[in-house]
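Enquirer: coordinates only, sequence not included:
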């Protein structure tokens, strides 16, 4: 019979129970010993008490090393510090941690040190908290879309397309060094184009899967492999799609607040003391919406009023930097803000052209993170799409996107969608500042251990 | 205001509404025309009626081509054949399908033909049905594990490990033809080993993501890219893990039956007339459990009783073929059956060795599919694991799995898990017989269009 610590913590004193888990701490004095046991079900675990009067139990448990796994029987008793603990009567099994060089010890480790033992760091309370938030957020995203009748489409990972004509992709070979049966194949950088195809048939769809960039970049925001969630809906304009983004983010944030309270408490001590306020702010405030033109005006005014930016020459046409994005959401709106109708020149070829040099692209900027979502209403007009591709200096043939462009001649409806960088969302919800610490096994240049 | 056809179908006659979607059929006579409109929200769509007395509407709609997208306003009226239809008053927009060579027409197409237009086949009722079942089943798997407190771990796709020492992996290069920053990197064949690491810290975890095989194999059961769902739980023995598999499959099957009834009706006409009975049988019957030894005895008895197999020399030690697996589940048990405690020689190195030549591996065999799940209790003992690796002729160093093997010296608990081939599950639930028809964009040797 499997009994999780989370459930034992609710037992009445006097209850007999088994408990199993790993030893987080083991403190022993002459007559009594205490083990903090964890099994992943509760962040703080449960305390085991063992007494010298039970000789064989005392002898065995007192020499149990940290991170050993054990199964014991005992009685639930009231703990002096409140709640319950278990007085151990019997030991069912012990599997000792025999690794004398075991890297995770009693004292707190630095995040960089822990990255080098990615398979062991979930044994720390810190990473259990991060990974639980990650899991709950991801499950909540699926729940939201399932409730609303959206279809989850698994976009292909191996692809013959070259989504943005941008190059930085990984390529595939078989073990004999050849390509994918003589065809050039790469790892996807986005599921959007495939999602658009499905949206033109099934209406409301979303992808949620790994995407890849071959960039040789070692910042706190980049990894070579990361997860993206990309909804796409036919007959939605970009304003309606911004609403989907707002609702989805609020739904998932609410779930995390509801299901991960102890984890958030720990994370707020470690990373971001105002973490609860940050999440409450996301949930409770309507997301503001302003045009890019208005955003530029606000930033120009801010400069006049004394705000300092590294790039302070702010005028229509510039690509907003992280410093500007954060200023808008943190200083001006003090909450999430959508910026929309960007200059066409700084956005992708597939966005709907307004005809005045702007397009129906939108970004969601949030405090502490900057850009969380990037989306757009898609270009519906075949001739305009071709013209934009040409104007951007892209090569239609090299992109191998005929099937995608042709959709516009085949009864294409209005369509809008966005991409949510899932790791950024987890960083928002945990306060973690390095993408390497929200990915279970981060892949960055040259890092593929484990 | 977005109005889905699914909702319009519930409106009272007399209601004014907008409707938008694609034209599945357009039949026009002298005075009246009928359009079947679909938008993905309802498999049958809704009928639009337009009359000659409304001249401009009649003129425009009568020339609308199949698969054009339109938005119209009108009044909900009772339909002669029951239910409701819309009498069109006004046209808001039309985006014509202008592709004279558009491959999807009025008559039914063969599955093989449709595979070559993977991005357009979801416009057929058949593929809308398959992809809806796929989506609902996947969402239900997440819902089940979320309800039960399991942690979803995203196992890495790019990996430096060589999971089974087996070779058939895809390798990664950057655009300059080099490896992953001088390290050999391949696409994952399974998330199990990484899930085991996380289970040793967080208890109950599962992965659900794409996996890859570079096999040059063109059967109806193999694709180069497919999705696997792999739960792993510390302190679970293999019998308990079989229970998880049974509950999870029943939960997801029940959801599909509940949410996809019209889709299953269509699929049962096309593929498998007893589809409802097949799914009911999965949901209602307890899954049987027999040892491999018992399975061999039953098959030997069947041969004596006149059953014909291509491989009829049935004795302890043989790997059960698809014909044997189907015979056990279809003829003998008439439902799902777990076979467990297989000979060690035909199973993987990481399974728990019983010491009598068998190991704690298990497979779930189901009617119509054969093997649906493969799992095991994992070897906990460091020395036994090393010995098994050696006996199997595997090279510990080439596998680059030191971190995984070392877990056994670091307080490893009992652990069990399994892999569910997600496409096989969708094939079970839809009656589809070729894996290419349950994947949105199937990747098989040389096939990476779209």
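Expert: On my side now, so go ahead. Here the structure is a predicted model, which means the values were calculated and not measured.

Enquirer: And the strands in the stretch 101-250 of chain A?
Expert: Using DSSP state E, counting those that start in this stretch, the strands of the stretch 101-250 of chain A run over A:151-152, A:158-159, A:171-173, A:186-187, A:204-212, A:225-234.

Enquirer: mind listing what's buried in the last one?
Expert: Right, strand A:225-234. A:225, A:226, A:227, A:228, A:229, A:230, A:231, A:232, A:233, A:234 (16 or more other CB atoms under 10 Å in any protein chain shown). For every residue, glycine as well, the C-beta is placed using N, CA and C.

Enquirer: what pairs with it, and is each one parallel or antiparallel?
Expert: strand A:204-212 (antiparallel), strand A:415-421 (antiparallel) (DSSP bridges).

Enquirer: Tell me which of those lies nearest to residue A:374.
Expert: Residue A:374 lies closest, by CB to CB, to one member of the strands paired with strand A:225-234: strand A:415-421, at 5.6 Å.

Enquirer: Return the angle between stretch directions for the helix or strand that comes right after the closest one and strand A:204-212.
Expert: Reading on from strand A:415-421 to the C-terminus, the next helix or strand found by DSSP states H and E is helix A:422-430. Going by axes from the mean of the first three to the mean of the last three CA atoms, to 10 degrees, helix A:422-430 is angled at 100 degrees with respect to strand A:204-212.

Enquirer: Report the distance from helix A:422-430 to the chain centre.
Expert: In terms of CA atoms, centre = their mean, to the nearest Å, the centre of helix A:422-430 is found 4 Å from the chain centre.

Enquirer: Helices of the stretch 251-400 of chain A, residue ranges please.
Expert: A:261-270, A:275-284, A:292-304, A:322-326, A:382-391, A:396-399 (DSSP state H, counting those that start in this stretch).

Enquirer: Show me the contact partners of the second one.
Expert: The contact list for helix A:275-284 (CB atoms under 8 Å, 6 or more residues apart in numbering or on different chains) reads A:249-250, A:253-254, A:256-257, A:264, A:267-268, A:272, A:334-336, A:366-368, A:428-431.

Enquirer: Heading C-terminal from the helix-or-strand element of chain A with minimal mean pLDDT, find the next helix or strand.
Expert: The helix or strand of chain A with the poorest confidence is helix A:396-399; it has a mean of 83 (mean pLDDT, DSSP states H and E). Reading on from helix A:396-399 to the C-terminus, the next helix or strand found by DSSP H and E is helix A:402-406.

Enquirer: Remind me what that following helix packs against, helices and strands.
Expert: Judged by 3 or more CB pairs under 8 Å, 6 or more residues apart in numbering or on different chains; DSSP states H and E, the packing partners of helix A:402-406 are helix A:192-202, helix A:382-391.

Enquirer: As a markdown table, these with mean pLDDT would be great.
Expert: Listed next are the helices and strands packed on helix A:402-406 as a markdown table, based on pLDDT from 0 to 100:
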| stretch | mean pLDDT |
| --- | --- |
| helix A:192-202 | 97 |
| helix A:382-391 | 96 |
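
Enquirer: in chain A, what spans have low per-residue confidence?
Expert: Residues of chain A meeting the criterion pLDDT under 70: A:1-2, A:162-167.

Enquirer: rerun that using 50 as the cut-off
Expert: When residues are selected by pLDDT under 50, those of chain A lie in A:165.

Enquirer: which parts of the stretch 201-350 of chain A sit against chain B?
Expert: A:201-204, A:209-210, A:212, A:214, A:216, A:224-225, A:227, A:234-236, A:240 (CB under 8 Å from any CB of the partner chain).

Enquirer: Return the closest of those with respect to residue A:84.
Expert: For those, the closest approach to residue A:84 (CB to CB) belongs to residue A:227, at 38.4 Å.

Enquirer: ok, for the closest one, nearest residue in space, not its chain neighbours?
Expert: Closest residue to residue A:227 apart from its sequence neighbours, by CB to CB, 6 or more residues apart in numbering or on different chains: residue A:422 at 4.0 Å.

Enquirer: How many residues are close by the one you found?
Expert: The local packing of residue A:422 (other CB atoms under 10 Å in any protein chain shown) involves 23 other residues.

Enquirer: same check, this time on the one 5 residues further on
Expert: Around residue A:427 there are 24 other residues, counting by other CB under 10 Å.

Enquirer: Could you report the distance from it to residue A:324?
Expert: Separation of residue A:427 from residue A:324 (CB to CB, to the nearest Å): 19 Å.

Enquirer: Residue A:450 contacts residue A:441, doesn't it?
Expert: Yes - with contact defined as CB atoms under 8 Å, residue A:450 counts as touching residue A:441 (5.4 Å).

Enquirer: Which residues are in contact with each of those two?
Expert: In contact with both residue A:450 and residue A:441: A:118, A:119, B:156, B:194, using CB under 8 Å, 6+ apart.

Enquirer: Could you tell me how many residues sit around the second one?
Expert: Residue A:119 has 22 neighbouring residues, counting by other CB under 10 Å.

Enquirer: Spit out the contact partners of the spatially closest residue to it that is not a sequence neighbour.
Expert: Of all residues not flanking residue A:119 in the chain, residue B:197 sits nearest, at 4.0 Å (CB to CB, 6+ apart). Contact analysis of residue B:197 by CB under 8 Å, 6+ apart lists A:119, A:120, A:122, A:450, B:403, B:404, B:407.

Enquirer: How about the contacts made by the residue nearest to residue A:159 when sequence neighbours are not counted?
Expert: Distance criterion CB to CB, 6+ apart; nearest residue to residue A:159, sequence neighbours excluded, is residue A:188 at 5.0 Å. The neighbours of residue A:188, taking CB under 8 Å, 6+ apart as the test, are A:155, A:156, A:157, A:158, A:159, A:163, A:211, A:212.

Enquirer: Could you rerun that using 7 Å?
Expert: With contact set as CB atoms under 7 Å, 6 or more residues apart in numbering or on different chains, residue A:188 has these partners: A:155, A:156, A:157, A:159, A:211, A:212.

Enquirer: Kindly report the same for residue A:205.
Expert: Residues counted as contacts of residue A:205 (CB under 7 Å, 6+ apart) are A:150, A:151, A:153, A:195, A:198, A:199, A:232.

Enquirer: measure the residue nearest to residue A:227 to residue A:226 for me?
Expert: Using CB to CB, which is the criterion applied here, residue A:422 is 7 Å from residue A:226.

Enquirer: Filter the contacts of residue A:205 down to the buried ones and hand me the ChimeraX line.
Expert: Selection command for ChimeraX covering only the buried members of those, criterion 16+ other CB under 10 Å:
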select /A:150,151,153,195,198,199,232
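
Enquirer: okay, the contacts of residue A:205 in CSV with distance to residue A:278 next?
Expert: Compiled in CSV, those are given as follows (distance: CB to CB, whole Å):
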residue, distance to residue A:278
A:150, 27
A:151, 32
A:153, 32
A:195, 30
A:198, 34
A:199, 32
A:232, 29
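
Enquirer: Would you mind measuring from the residue in chain A sticking out farthest from the centre to residue A:341?
Expert: What lies farthest from the middle of chain A is residue A:53; by CA atoms, centre = their mean that is 49.6 Å. Distance, residue A:53 to residue A:341, using CB to CB: 76 Å.

Enquirer: same question, residue A:304
Expert: With CB to CB as the criterion, residue A:304 and residue A:341 are 23 Å apart.

Enquirer: in terms of contact, does residue A:136 touch residue A:261 like I think?
Expert: No - when contacts are counted by CB atoms under 7 Å, residue A:136 is not listed as touching residue A:261 (11.1 Å).
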